[in-house]
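**Student:** Pasted the sequence and its predicted model underneath.
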Amino acid sequence: MTEKLTKKSLLTTTLIFTLLLLSSASPPPPTVCIIGSGIGGSSVAHFLRRYSNSNHYDAEIGQIRIFERHGIVGGRMATISVAGETFEAGASILHPKNYHALEFTKLLNLTIKKPPSSMSGLSLGIWDGHKFVFKTFTSNSEIPIVQRFVSLANSVKMFIRYGLSLFRMANFVERTVDRFLKYYNAFESRPVFESVEEMLKWAGLCNLTTRTLGEELVEAGLSPLLIEELVTVITRINYGQSVSISGLAGAVSLAGAGGSLWSIEGGNWQMAAGLINESNVVLHLHQEIESLSYVAGLYELNSSKGESYRCEVAVIATPLDELNIHFTPSISIPERKLQHTFTTFVRGCLNPKYFGFNMVSVIPELVGTTESSDVPFSSISVLRRHNEKDMTYKIFSRQLMSEELLDQMFSVRNETIKINWGAYPHYHAPEVFAAVILDSKNLYYVNAFENAASTIETSAVAAENVARLILSRFSGQQGSGISDLKSFGDGKYQMHSDL
Ligand SMILES: Cc1cc2nc3c(=O)[nH]c(=O)nc-3n(C[C@H](O)[C@H](O)[C@H](O)COP(=O)(O)OP(=O)(O)OC[C@H]3O[C@@H](n4cnc5c(N)ncnc54)[C@H](O)[C@@H]3O)c2cc1C
């Protein structure tokens with residue numbers, strides 16, 4: 001009897017002790033499931049790893065899974081091979097002040113290259129469907145002094161046509177870029193944002209999303225001629241849209257037409273690939289997520305292959321607008337249309353007669369277009385000049401380029417590749433933004449920020465904020481918490497505290 005009692009009390013003590021131990025142990029770190037392996041998804045993974053368990057956030061992050069429906073990472077950063085040569089098919093250029101992209105490049109040991117397609121170096125013609133309303137001088141000379149002279153002559157030609165409005169345009173862009181640079185401030189002076197509106201208001205950028213670019217530029221004192229011609233050319237190239245896009249998307253688009261633009265040697269997609277590699281991520285390629293349900297404190301993701309994954313945190317890093325992911329409980333986001341951009345690559349030679357010329361050499365290397373129903377394409381540019389009659393061209397258009405049209409435009413076509421991108425939001429002012437936290441729990445939407453602007457860098461900035469938001473909430477804080485006040489920098493790479 002006594003022996004039985006002793007055994008029983010020993011068992012009870014062990015049980016209580018185990019229970020006590022279990023209750024005092026901290027819960028396992030949250031697991032994160034990210035849908036999309038573009039720059040948005042890969043940056044979320046990077047910043048989660050970089051900031052977790054740091055002097056900023058005491059939260060730890062467990063396993064991170066990234067799901068990608070395609071067999072390659074990078075999303076809208078992708079390359080294409082035309083006649084054996086590789087070109088950017090989607091996002092091709094970066095701005096010199098894209099500081100996250102610059103830091104990723106450095107961290108991942110990637111090589112910067114100046115793309116030959118940067119607008120500044122090419123001869124430009126503005127085509128209205130019937131004639132060139134403006135054309136810079138074309139020089140095929142390789143001699144630097146001749147190139148410099150032509151470039152100077154072109155600047156004078158531009159100034160004669162557009163006058164001081166050119167400086168007003170540059171000022172408008174610089175003011176906007178300066179405000180955007182606040183997103184690189186140290187944590188001490190930069191809160192974590194729970195909504196895109198809050199994020200934009202804080203940087204002084206929100207008003208720019210409430211009016212069109214056209215309205216903003218008229219107020220900034222630009223002449224109608226500059227807006228109808230050069231500005232329109234740029235917005236059509238960069239966003240496939242007119243100057244009725246919002247002022248912020250417009251300013252970002254204009255910034256993408258300046259000097260010192262760059263890209264990554266071998267393809268910008270390597271940024272996403274590198275970030276995924278260095279972030280201890282389980283990558284699931286060819287795994288399209290079809291449904292996402294919140295079940296007993298976990299998000300259950302089901303793929304088209306019938307596989308199922310559970311995570312404490314789910315991040316949507318792709319535009320939801322044309323996707324059919326089934327959410328339980330359902331989520332609500334404002335309706336948003338994507339602008340489709342058709343990118344057509346042609347190896348061959350343009351037909352000078354299409355543009356009213358006799359010689360192909362007088363066709364500008366970059367043909368931009370005005371807003372007119374007579375123009376069936378947005379731009380055409382020379383990517384590579386193999387010789388006088390053999391070049392690789394890139395055409396942007398809002399509609400598929402028909403074979404008939406291409407036959408009219410080209411006298412020789414050796415290879416043609418067409419891509420249909422659900423490219424970026426169709427911008428309109430005032431913009432309405434989806435929530436960043438879609439369900440008030442742990443379901444996050446990086447691409448809510450795309451209504452502000454769609455670029456590699458803006459995706460990285462939005463992703464960094466989502467990573468901080470997740471960490472701050474798991475550190476038991478909301479918004480900018482105590483750990484946000486700690487000093488910045490773990491020495492892995494330096495942020496730009498001088499900005
Ligand atoms: C033609 C074109 C030109 C551009 N030019 C520039 C430029 O010069 N400079 C610049 O900075 N930006 C440019 N952009 C914009 C830039 O590409 C985007 O803003 C940026 O790449 C968006 O990255 P993301 O990660 O948010 O989305 P994405 O790159 O679209 O990544 C989303 C990923 O999610 C995957 N996915 C979607 N649904 C599912 C699912 N259900 N399950 C699993 N995976 C899924 C997709 O396959 C994709 O890989 C351009 C875009 C286009 C299309």
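**Tutor:** Great, that's in hand. Numbering: from 1, shown residues only.
**Student:** Going by C-alpha atoms from here, please, whenever you check contacts or count neighbours.
**Tutor:** Fine.
**Student:** Downstream of the helix or strand of the chain with the lowest mean pLDDT, the next helix or strand is which one?
**Tutor:** Among the helices and strands of the chain, helix 2-24 carries the lowest confidence by mean pLDDT, DSSP states H and E, at a mean of 50. Per DSSP states H and E, the first helix or strand lying C-terminal to helix 2-24 is strand 32-35.
**Student:** Do that following strand and the ligand come into contact?
**Tutor:** Yes. Applying Cα under 6 Å from any ligand atom, one finds strand 32-35 touching the ligand at Ile35.
**Student:** any residues touching stretch 461-475, and which ones?
**Tutor:** Residues from elsewhere that reach stretch 461-475, judged by Cα atoms under 8 Å, 6 or more residues apart in numbering: 40-41, 43-45, 47-48, 51-52, 57-60, 100, 183, 192-194, 436, 442, 444-447, 449, 478-481.
**Student:** go with 7 Å
**Tutor:** Under the contact criterion Cα atoms under 7 Å, 6 or more residues apart in numbering, stretch 461-475 has outside partners 40, 43-44, 47-48, 52, 57-59, 192-193, 446, 449, 478-479, 481.
**Student:** Restrict that stretch to CA atoms and write it as CSV.
**Tutor:** Taking Å, rounded to 0.1, in the frame of the first residue of the first chain, the C-alpha atoms of stretch 461-475 are listed here in CSV:
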residue,chain,number,x,y,z
VAL,A,461,10.9,48.9,-49.5
ALA,A,462,7.4,47.5,-49.0
ALA,A,463,8.9,44.1,-48.1
GLU,A,464,11.2,45.6,-45.5
ASN,A,465,8.3,47.2,-43.8
VAL,A,466,6.3,43.9,-43.8
ALA,A,467,9.3,42.1,-42.3
ARG,A,468,9.5,44.7,-39.6
LEU,A,469,5.8,44.6,-39.0
ILE,A,470,5.9,40.8,-38.5
LEU,A,471,8.9,41.0,-36.2
SER,A,472,7.4,43.9,-34.2
ARG,A,473,4.2,42.0,-33.7
PHE,A,474,6.0,38.9,-32.6
SER,A,475,8.1,40.9,-30.3
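**Student:** could you check whether it is close to the ligand?
**Tutor:** No. Using Cα under 6 Å from any ligand atom, stretch 461-475 stays clear of the ligand, coming no nearer than 8.5 Å.
**Student:** Can you give the distance from that stretch to the centre of its chain?
**Tutor:** A distance of 18 Å separates the centroid of the chain from that of stretch 461-475, by Cα atoms, centre = their mean, to the nearest Å.
**Student:** ok, now stretch 269-280?
**Tutor:** Centroid separation between stretch 269-280 and its chain, computed with Cα atoms, centre = their mean, is 15 Å.
**Student:** pLDDT averaged over that stretch - what is it?
**Tutor:** Averaged across stretch 269-280, the pLDDT comes to 98.
**Student:** For this protein, give me the ranges with low pLDDT.
**Tutor:** Counting by pLDDT under 70, the chain has low-confidence residues at 1-25, 115-121, 140-142, 476-499.
**Student:** ok, 50 please
**Tutor:** The model of the chain has pLDDT under 50 over residues 1-2, 5, 11, 15, 17-23, 117-119, 477-499.
**Student:** buried stuff in the longest strand belonging to it?
**Tutor:** The residue-count maximum for a strand in the chain (DSSP state E) belongs to strand 410-425. Going by neighbour count (16 or more other Cα atoms under 10 Å), the buried part of strand 410-425 is 410-413, 416, 418, 421-425.
**Student:** now stretch 123-132
**Tutor:** Residues 123-129, 132 are the ones in stretch 123-132 that count as buried (16+ other Cα under 10 Å).
**Student:** How many residues are close by whichever residue of the stretch 201-350 of the chain sits closest to the ligand?
**Tutor:** Closest residue of the stretch 201-350 of the chain to the ligand, Cα to the nearest ligand atom: Glu288 (3.5 Å). If you count neighbours by other Cα atoms under 10 Å, Glu288 ends up with 21.
**Student:** repeat for Pro352
**Tutor:** Number of residues near Pro352 (other Cα under 10 Å) recorded here: 17.
**Student:** can you give me the helices for the stretch 301-450 of the chain?
**Tutor:** 403-409 (DSSP state H, counting those that start in this stretch).
**Student:** Strands of that one, start to end?
**Tutor:** Ranges of strands in the stretch 301-450 of the chain, per DSSP state E, counting those that start in this stretch, are 308-311, 313-316, 326-328, 338-350, 366-369, 379-387, 390-397, 410-425, 443-445.
**Student:** Please produce JSON lines containing the buried residues of stretch 123-132, extended by secondary structure and distance to the ligand.
**Tutor:** Shown next, in JSON lines, are the buried residues of stretch 123-132 (DSSP: H, G, I helix; E, B strand; the rest coil; distance: Cα to the nearest ligand atom, whole Å):
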{"residue": "Ser123", "secondary structure": "coil", "distance to the ligand": "19"}
{"residue": "Leu124", "secondary structure": "strand", "distance to the ligand": "18"}
{"residue": "Gly125", "secondary structure": "strand", "distance to the ligand": "20"}
{"residue": "Ile126", "secondary structure": "strand", "distance to the ligand": "20"}
{"residue": "Trp127", "secondary structure": "strand", "distance to the ligand": "21"}
{"residue": "Asp128", "secondary structure": "coil", "distance to the ligand": "22"}
{"residue": "Gly129", "secondary structure": "coil", "distance to the ligand": "22"}
{"residue": "Phe132", "secondary structure": "strand", "distance to the ligand": "25"}
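**Student:** May I ask which two of those are separated the most?
**Tutor:** Maximum pairwise distance in those, criterion Cα to Cα, is 18.3 Å, between Ser123 and Gly129.
**Student:** Close to the ligand: what parts of this structure are there?
**Tutor:** 35-41, 67-70, 73-77, 90-94, 287-290, 317-318, 421, 423, 447, 454-457, 459.
**Student:** how about 5 Å then?
**Tutor:** With Cα under 5 Å from any ligand atom as the criterion, the chain meets the ligand at residues 36-40, 67-69, 75-76, 90-93, 288-289, 318, 423, 454-456.
**Student:** taking these one by one, which sit in helices?
**Tutor:** Among the residues of the chain next to the ligand, DSSP state H puts 39-40, 456 in helices.
**Student:** In space, what's closest to Thr328 - neighbours in sequence excluded?
**Tutor:** Nearest residue to Thr328, sequence neighbours excluded (Cα to Cα, 6 or more residues apart in numbering): Ser293, at 4.4 Å.
**Student:** hmm, back to that, distance to Ser139 for the buried residues of stretch 123-132 - can I get that in a markdown table?
**Tutor:** A markdown table is the format used below for these (distance: Cα to Cα, whole Å):
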| residue | distance to Ser139 |
| --- | --- |
| Ser123 | 8 |
| Leu124 | 11 |
| Gly125 | 13 |
| Ile126 | 17 |
| Trp127 | 19 |
| Asp128 | 23 |
| Gly129 | 24 |
| Phe132 | 17 |
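**Student:** if we take those residues, which one ends up nearest to Leu400?
**Tutor:** Relative to Leu400, the closest of those is Gly129; by Cα to Cα it sits at 17.3 Å.
**Student:** Which residues are in contact with the residue nearest to Thr369 when sequence neighbours are not counted?
**Tutor:** Once flanking residues are discounted, Thr369 sits nearest to Trp127: 4.8 Å by Cα to Cα, 6+ apart. Applying Cα under 7 Å, 6+ apart to Trp127 gives the contacts 133, 367-370.
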